[in-house]
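Sequence and predicted model, in that order:
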Amino acid sequence: MGVSRGALAAPMDTGILRVALRIGVAPILIVVLVGAMALVEPRFFSRLNIINILRNFSFLSMIAIGQMLVMIVGGFDMCVGAVMALASVSGAMTMGAALVAFPDLPVWLVCLAGVMVALGVGTLAGLVNGLLVIGLRISPFMGTLGMMSALGGLALFFTRGVPITTVPREFVSDLGRGMWLGLPLIVWIVAGVILLAWWVMEQTAGGRHLYAAGGNPQAARASGIASGRVVTSAYMASGLLAAGAGILMTARVGSGQPILGSTAAIESIAAAVLGGVSLRGGIGRVTRVVTAALFLAILSNVLNLARVDSKWQTLILGIAVILAVLIELKASRRSDNE
Amino acid sequence: MSNAATTRGGAVRPTRSPLWIVERGILALLTVVVFAGFAIHSPVMATNANIANILVQTSYLAIFAAAQALVIMTRGFDLSLGSAVSTVSILCALTMTTLAAQGAGVSAVLAGLVVALAAGGAIGGLNGFFVAWGGINPFIVTLGSMNILLTLSTTISGGFPVAPLPEAFRALAYAEPAGIPLSVLCAALALVGLQIALSRTVFGRAVLLIGSNARATIMGGMAYRFHLVSAYVVCSALVGLGAFLMTARTGSGEPNLGGNLTLETIAAAVLGGIRLRGGQGDMLAPLLGAVFVTVLSNGMNLAGIDGYLQGVFLGLVIIAALSLDRLRSKASA
């Protein structure tokens, strides 16, 4: 188990609020939501709809885990959406260029090149974020906001705002629409990513260093953890994960999209805070964040089924973030008082 | 506050160190250099018409940047500024089109102004409430309200510009009382008024003290929450005023009027010398910063630089301004 302040501080108590705080509100909300749908909307349980939910959940949980990593070290990543867009565009452009330049190359190699470039771009963006925060000591929120403007501008500049459609057909049919054991390949891939993230955070020294660097930077440094390097790698991981979500979305929609991820920042922050990640750093669990992402994916689907305009979903996200933080603050104050 | 002096009134105010003058001088010089550089490249830059244009554009940004600066001084932040501009623009335009359809003329414009200020004030009141009473990080509060306002501005308008607006309202954009464009006059009044409030009133001192030492504000018996909420209300009411004037200029209520404004106001305020850690600053900062940002974007437009690349430049300017902010803090610490 990681050095999680929330888990240690939670006293034994049977109050509903306490239970909710320990496992998070997300599982309760999921049960309520699914239960309500069972009563009023049978379409919700159709195979296609559930696959749809799982796919959206996959994209969201990937960026939400990245956001969580950055928040654990006391930061924010506002440019996840811009990284998704830039990764999507650069990956698609690389594949297009490789198809033209080396027509004899096997398709899988072309796709691999595109994926590698996209992931590289994302990791590089994360590295720059990390250097801004650690090297120049810029406030994470502001620094990544500036990067959001810069990276989003680059994605639009390279494409002139037009989607890049030179993606190989196989990339879309095999990866984007591919199925394995009845579930989309994308879901399997993200499941692997989630497991890996869980393993790193809960079972390895790297995860413990991350919690330590965020929870108490001085103590971390005193015990020999290179906290600058740990923080930078959290930003790099967030960039990598956002780029991964971007390239998977590219495979799904079949083109490089410069306007991808416009709501990624608020969605990932919503998933993180609903999943109990503390804004003050040091606290956050993969399982809870992933559960919160699942809740948000189900909520969005339910609202779609109820024909609620997607714009209103943004409004709900805004309210949800504020409320979640309010609850978290109340809870931490209460436990501080004891 | 490390470098503070006791003034005649006995209140604590930051001293104006030589560093302060050097910084402002460098920014002013940089503005002139950027202006001259673009002027050499495209002669249109230095024409009277374009300079008048820059002046008017600066006046809008100066109002918004001053609003942002006021909140930053409390160690806060307003991420919802841009979408508040859009929402206010839509709301006041809707008021005016509705009233004008019933035959109202000047009174419709007045009603529009009242709605703009009230809507702005209400937005600020909500932001301030969650920051002061909820104790939530201002980033998160305004990130949430940004998304809420984004939804409101696009759904209320249905995504389309709100028109036609009364003739009397659109004439405001070209009104020049005493030979000065109305928006420039408003910006000047707002900045001077805020500067006086900052240096001469309890509210102003409270704003700066909240930013530098919130606990001291409470211990000192000041109405901490009241002043903090007031800062957000004043900020957003100013945003409402700016949105009203900008709507007159565009000639219709625009659901995307706010666009890049949040980022531009941060860039302007921080470049001008407002410290992100709060507790310091004056109204010369957002003014100088707004002039620089406007000259830069006007020059890039005239030089035919891709609109998309301008987003990249804006990001780089912000990061440069933030690095500067860190250097300043180190220098004064």
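Looks like it came in fine.

Can you verify my assumption that B:Pro177 contacts B:Leu185?
Yes - with contacts counted by C-beta atoms under 8 Å, B:Pro177 reaches B:Leu185, the gap being 6.4 Å. For every residue, glycine as well, the C-beta is placed using N, CA and C.

who has more neighbours, these two?
B:Leu185 (15 against 8; other C-beta atoms under 10 Å in any protein chain shown).

residues contacting residue 178?
As the question left the chain open, I've gone with chain A. A:184-186 (C-beta atoms under 8 Å, 6 or more residues apart in numbering or on different chains).

actually chain B
Contacts of B:Ala178 were listed using C-beta under 8 Å, 6+ apart, and they are B:Leu185.

roughly how far apart are it and B:Val184?
According to C-beta to C-beta, to the nearest Å, B:Ala178 stands 11 Å off from B:Val184.

By neighbour count, which of the contacts of A:Gly178 wins?
Sorting these by how many neighbours each has (other C-beta under 10 Å) puts A:Ile186 first, at 23 neighbours.

Tell me the confidence at that one?
On the pLDDT scale, A:Ile186 is placed at 92.

Following element in sequence after the helix or strand where it lies, please.
Assigned by DSSP states H and E, A:Ile186 belongs to helix A:185-203. Once helix A:185-203 ends, the next helix or strand along the chain (criterion: DSSP H and E) is helix A:205-215.

Tell me the buried residues in that following helix?
Neighbour-count burial for helix A:205-215 flags A:207-215 (criterion: 16 or more other C-beta atoms under 10 Å in any protein chain shown).

residues in contact with B:Ala290?
B:58, B:61-62, B:65, B:268, B:272.

can you do 6 Å?
Neighbouring residues of B:Ala290 by C-beta atoms under 6 Å, 6 or more residues apart in numbering or on different chains: B:58, B:61-62, B:65, B:268.

mind checking how far the closest residue to A:Ile138 other than its chain neighbours is from A:Leu241?
Spatial nearest neighbour of A:Ile138, chain neighbours left out: B:Leu322 (4.4 Å); criterion: C-beta to C-beta, 6 or more residues apart in numbering or on different chains. From B:Leu322 across to A:Leu241, the span is 25 Å (C-beta to C-beta).

ok, now B:Asn48?
B:Asn48 sits 53 Å away from A:Leu241, going by C-beta to C-beta.

doesn't A:Phe157 make contact with A:Val89?
No - taking C-beta atoms under 6 Å as the definition, A:Val89 is not a contact partner of A:Phe157, at 9.7 Å.

Kindly report the residues of chain A close to chain B.
Taking C-beta under 6 Å from any C-beta of the partner chain as the contact definition, chain A meets chain B at A:136-139, A:141-142, A:146, A:149-150, A:153-154, A:156-157, A:266, A:279, A:311, A:314-315, A:317-318, A:321-322, A:325-326, A:329.

of these, buried ones?
The buried subset of those - by 16+ other C-beta under 10 Å - is A:138-139, A:141-142, A:146, A:149-150, A:153-154, A:156-157, A:266, A:279, A:314-315, A:317-318, A:321-322, A:325-326, A:329.

What distance do you get for B:Leu324 to B:Glu23?
Taken as C-beta to C-beta, the span from B:Leu324 to B:Glu23 is 8 Å.

the more surrounded of those two?
Of the pair B:Leu324 and B:Glu23, B:Glu23 is the one with more neighbours under other C-beta under 10 Å, namely 20 against 17.

need the contact list for that one.
Counting by C-beta under 6 Å, 6+ apart, B:Glu23 has contacts B:Gly273.

Based on its surroundings, how many neighbours for the residue nearest to A:Ile138?
B:Leu322: 24 neighbours (other C-beta under 10 Å).

Tell me which other helices or strands the helix or strand hosting it touches.
Under the criterion of DSSP H and E, B:Leu322 resides in helix B:307-332. Under the contact criterion of 3 or more C-beta pairs under 6 Å, 6 or more residues apart in numbering or on different chains; DSSP states H and E, helix B:307-332 touches helix A:140-159, helix B:261-272.

now, of those, which is deepest in the fold?
Across these, the average number of neighbours (mean count of other C-beta atoms under 10 Å in any protein chain shown) peaks for helix B:261-272, which reaches a mean of 28.

and it with chain A, contact?
Yes - using C-beta under 6 Å from any C-beta, helix B:261-272 reaches chain A at B:Leu263.

and that helix, what's its mean pLDDT?
Average pLDDT, helix B:261-272: 90.

what angle do it and helix A:140-159 make?
Following axes from the mean of the first three to the mean of the last three C-alpha atoms, to 10 degrees, one obtains 120 degrees for the angle between helix B:261-272 and helix A:140-159.

At the contact with chain A, which residues of chain B appear?
B:134-137, B:139-140, B:144, B:147-148, B:151, B:154-155, B:263, B:276, B:306, B:308-309, B:311-312, B:314-316, B:318-319, B:322-323, B:326.

Separate out the buried members of these.
B:134, B:136-137, B:139-140, B:144, B:147-148, B:151, B:154-155, B:263, B:276, B:308, B:311-312, B:314-316, B:318-319, B:322-323, B:326.

Excluding sequence neighbours, find me the nearest residue to the residue of the stretch 151-300 of chain A found nearest chain B.
Shortest the stretch 151-300 of chain A-to-chain B distance, computed as C-beta to the nearest C-beta: residue-wise this is A:Gly153, at 2.8 Å. Distance criterion C-beta to C-beta, 6+ apart; nearest residue to A:Gly153, sequence neighbours excluded, is B:Gly311 at 2.8 Å.

Which parts of the stretch 101-250 of chain B are helices?
B:106-132, B:138-157, B:167-170, B:182-200, B:202-212, B:214-219, B:224-250 (DSSP state H, counting those that start in this stretch).

Contacts only, for B:Gly125.
Residues near B:Gly125 by C-beta under 6 Å, 6+ apart: B:Val233.

From B:Phe226, how far out is it?
Plainly put, B:Gly125 is 12 Å away from B:Phe226 if you go by C-beta to C-beta.

do the same with B:Ala62
B:Ala62 is 27 Å from B:Phe226, by C-beta to C-beta.

Who has more neighbours out of those two?
Per other C-beta under 10 Å, whichever of B:Ala62 and B:Phe226 has more neighbours is B:Ala62, with 31 against 13.

How about the helix or strand hosting the more buried one, which residues are buried there?
Assessed by DSSP H and E, B:Ala62 sits inside helix B:48-73. Buried residues in helix B:48-73, counted by 16+ other C-beta under 10 Å: B:50, B:54-73.
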